[in-house]
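**Student:** Quick one, what's the 3D model for this:
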Amino acid sequence: MKRSLALMMALSLLEGGCSAPADDGPVVVLASWTGAEGDAFRQVLNAFKADTGITYLYQGTRAVDQVLASDVQRGTPPDVAVLPNAGVLAKYQKSGDLLPLGDDLSAAVTRSFSPQWVTLQKIGTQKLHTVAVKADLKSVIWYNPARLTGIRPTTFDGLRTYSAALTAAGGTPWCVGMGAPPTSGWPGTDWIEDILLHSAGPEKYWRWASGSLEWTSPEVKQAWLDWGSLLESAAIRGGTAAALLTEFGDAGKSMFASPPGCVLEHQPSFIVSRYEKAKRADGTAPKPGADFDFLTFPGRDVSEVTADLAGMFQDNPRARKLIEYLASEKAQRIWPSIPGASAFSANRDLGLDVYTDQVRRKVADTLTSAPALCFDASDLMPATMTGAFYRAVLEYLSNRDRLDILLRQLDDIRKSIQSGEWLKIQCG
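**Tutor:** As a prediction, this is how the structure comes out:
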């Protein structure tokens, strides 16, 4: 089995070892986690080493897609790669580079994950190809319990009514940040996706994500209109201009000021760690439950999710052992138990006791027990379509009158993409 020489040398230094013969050497793992996240994943890998005696070489890089593509092209893929995008892994499955897990591993995953997650981990095929190392819930709206008093909105109309009333009373409902270079705009795509999913339902949602439902269709257009009616400029902290310039991780900090600059934010569950690093007016850190909590997105009982998925690119005993371990309750317990971590497991065998507060427990409970789950639509679209979607939400926020033009442009791009480039990953 071939190895990338540069990868082996770099990783040997990282783990303080030296490269061993390929047939009995360490398992080579590629993922996107660096810094504190990389340290957390190494805790999982260290536990794997302690349990099995198998050593590892880990490369963490924010350019994980590019590194994997290069290694695959050279014929030197890692044994296991973990990607934060189901769509990218699905492309490797179509090319034959991502390998099916086989009967034994599939049986272990099926026992530990809900039927919904088993479907998602098949990434549009009949066989299991991936394991969710950790997951995030996207269909949530965050709020400060001290500020959002009375009845919680349970419908989109109710949410819009609440937002309009707060704006009329001189308040500012929404914390909004679109900045995330080089992918600025994705927080807006999350909004469109959630509105469409909860209004039109999973069937229309996955048809749209797979390129068979027009951007100009009534359902998709209405999702944009609903978003625009909710996030009028006066309802956004600092107005539209501020939303376009504010980094997504900074927008919610104003919830904890006194008086608050805004009281609601639509962000995935990983934002919890950002909230806990913010400051309240007295200089202390916000606390889950006391200072922030979440509403499930109003509408149908379905949730949009994302996950870091592990897949095999080399079929050998080391890779299979690691995949089996990553799917296990023991491995899935490690990362969420790290203090301050915002890691959530989709493994239904993992008790909620591992999570340190009620907010994290609610997120985990939703991830493991929701009746229907759908992957983030923009993650499943061809890269050209995704990039155009990001740009379109930024343009729409700047000028709501351009919606019809933007939707026609998006549809033109959809039509220009060959059918084989679209993925057919249905909801679970």
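**Student:** Which stretches in the stretch 251-400 of the chain count as helices?
**Tutor:** Using DSSP state H, counting those that start in this stretch, the helices assigned to the stretch 251-400 of the chain run over residues 271-276, 317-327, 329-334, 358-369, 377-380, 383-398.
**Student:** avg pLDDT for the fourth one?
**Tutor:** Right, helix 358-369. What helix 358-369 shows for mean pLDDT is 96.
**Student:** mind listing what's buried in that helix?
**Tutor:** Buried residues in helix 358-369, counted by 16 or more other C-beta atoms under 10 Å: 359, 360, 361, 362, 363, 364, 366, 367, 368. For the C-beta atoms, the positions are set from N, CA and C on the backbone; glycine is no exception.
**Student:** do the same with the fifth one
**Tutor:** Applying a neighbour-count criterion of 16+ other C-beta under 10 Å, the buried positions in helix 377-380 are 377, 378, 379, 380.
**Student:** what do you get for the third one?
**Tutor:** Along helix 329-334, the positions that meet the burial threshold by neighbour count (16+ other C-beta under 10 Å) are 331, 332, 333, 334.
**Student:** which residues of this protein fall in strands?
**Tutor:** Along the chain, counting by DSSP state E, strands occupy 27-31, 56-60, 80-83, 131-137, 140-143, 264-266, 293-296, 303-312, 373-375.
**Student:** Would you mind saying which of those strands lies nearest residue 40?
**Tutor:** Residue 40 sits nearest to strand 131-137 of all the strands of the chain, at 9.4 Å, using C-beta to C-beta.
**Student:** ok and the closest one relative to strand 27-31, angle-wise?
**Tutor:** 20 degrees (axes from the mean of the first three to the mean of the last three C-alpha atoms, to 10 degrees).
**Student:** Strand 131-137 - contacts with which helices or strands?
**Tutor:** helix 115-121, strand 303-312, helix 317-327, helix 358-369 (3 or more C-beta pairs under 8 Å, 6 or more residues apart in numbering; DSSP states H and E).
**Student:** count of residues packed around the closest residue to residue 313 other than its chain neighbours?
**Tutor:** Leaving out its chain neighbours, the residue that sits closest to residue 313 by C-beta to C-beta, 6 or more residues apart in numbering is residue 77, at 3.8 Å. Using other C-beta atoms under 10 Å, residue 77 is surrounded by 27 other residues.
**Student:** ok, now how distant is residue 77 from residue 88?
**Tutor:** Applying C-beta to C-beta, to the nearest Å, the value for residue 77 to residue 88 is 13 Å.
**Student:** pLDDT weak spots in the stretch 101-250 of the chain?
**Tutor:** For the stretch 101-250 of the chain, not a single residue meets the criterion pLDDT under 70.
**Student:** So what's the gap between the longest helix anywhere in the chain and the chain middle?
**Tutor:** Ranked by number of residues, the top helix in the chain under DSSP state H is helix 35-52. What separates the centre of helix 35-52 from the centre of its chain is 21 Å, taken as C-alpha atoms, centre = their mean, to the nearest Å.
**Student:** same check, this time on stretch 82-102
**Tutor:** Averaging C-alpha coordinates over stretch 82-102 and over its chain gives two centres that are 17 Å apart (C-alpha atoms, centre = their mean).
**Student:** For the nearest residue to residue 160 once chain neighbours are set aside, the count of nearby residues, please.
**Tutor:** Nearest non-adjacent residue to residue 160, counting by C-beta to C-beta, 6+ apart: residue 230, 5.3 Å away. The burial count assigned to residue 230 is 20, neighbours taken as other C-beta under 10 Å.
**Student:** And for residue 149?
**Tutor:** Neighbours around residue 149, by other C-beta under 10 Å: 7.
**Student:** repeat for residue 158
**Tutor:** So residue 158, with other C-beta under 10 Å, has 13 neighbours.
**Student:** Would you mind extracting the C-alpha trace of stretch 147-164 into PDB?
**Tutor:** Extracted in PDB, the C-alpha atoms of stretch 147-164 (Å, rounded to 0.1, in the frame of the first residue of the first chain):
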ATOM      1  CA  ARG A 147     -35.200  38.600  27.300                       C
ATOM      2  CA  LEU A 148     -37.600  36.200  25.500                       C
ATOM      3  CA  THR A 149     -40.400  36.100  28.000                       C
ATOM      4  CA  GLY A 150     -43.900  34.800  27.700                       C
ATOM      5  CA  ILE A 151     -45.100  32.400  25.000                       C
ATOM      6  CA  ARG A 152     -42.400  31.000  22.700                       C
ATOM      7  CA  PRO A 153     -43.300  31.200  19.000                       C
ATOM      8  CA  THR A 154     -44.200  27.700  17.600                       C
ATOM      9  CA  THR A 155     -45.000  28.700  14.000                       C
ATOM     10  CA  PHE A 156     -43.200  30.700  11.500                       C
ATOM     11  CA  ASP A 157     -46.100  33.200  11.400                       C
ATOM     12  CA  GLY A 158     -45.800  33.400  15.200                       C
ATOM     13  CA  LEU A 159     -42.100  34.000  14.900                       C
ATOM     14  CA  ARG A 160     -42.600  36.800  12.300                       C
ATOM     15  CA  THR A 161     -45.300  38.400  14.500                       C
ATOM     16  CA  TYR A 162     -43.100  38.300  17.600                       C
ATOM     17  CA  SER A 163     -40.200  39.800  15.600                       C
ATOM     18  CA  ALA A 164     -42.400  42.600  14.100                       C
END
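**Student:** re the thing from before, now what about the longest helix of the chain, what contacts it?
**Tutor:** If you take C-beta atoms under 8 Å, 6 or more residues apart in numbering as the criterion, helix 35-52 is touched by 29, 31, 33, 54-56, 58, 60, 82, 133, 321-322, 325-326, 330-331, 334-335, 338, 341, 343.
**Student:** what is the residue most central in space within the chain paired to in the beta sheet?
**Tutor:** Compute the mean C-alpha point of the chain, and by C-alpha atoms, centre = their mean the closest residue is residue 306, 3.2 Å away. According to DSSP bridges, the residues that bridge with residue 306 are residue 136.
**Student:** Distance check, it against residue 367.
**Tutor:** 11 Å.
**Student:** Kind regards, and thank you for your time.
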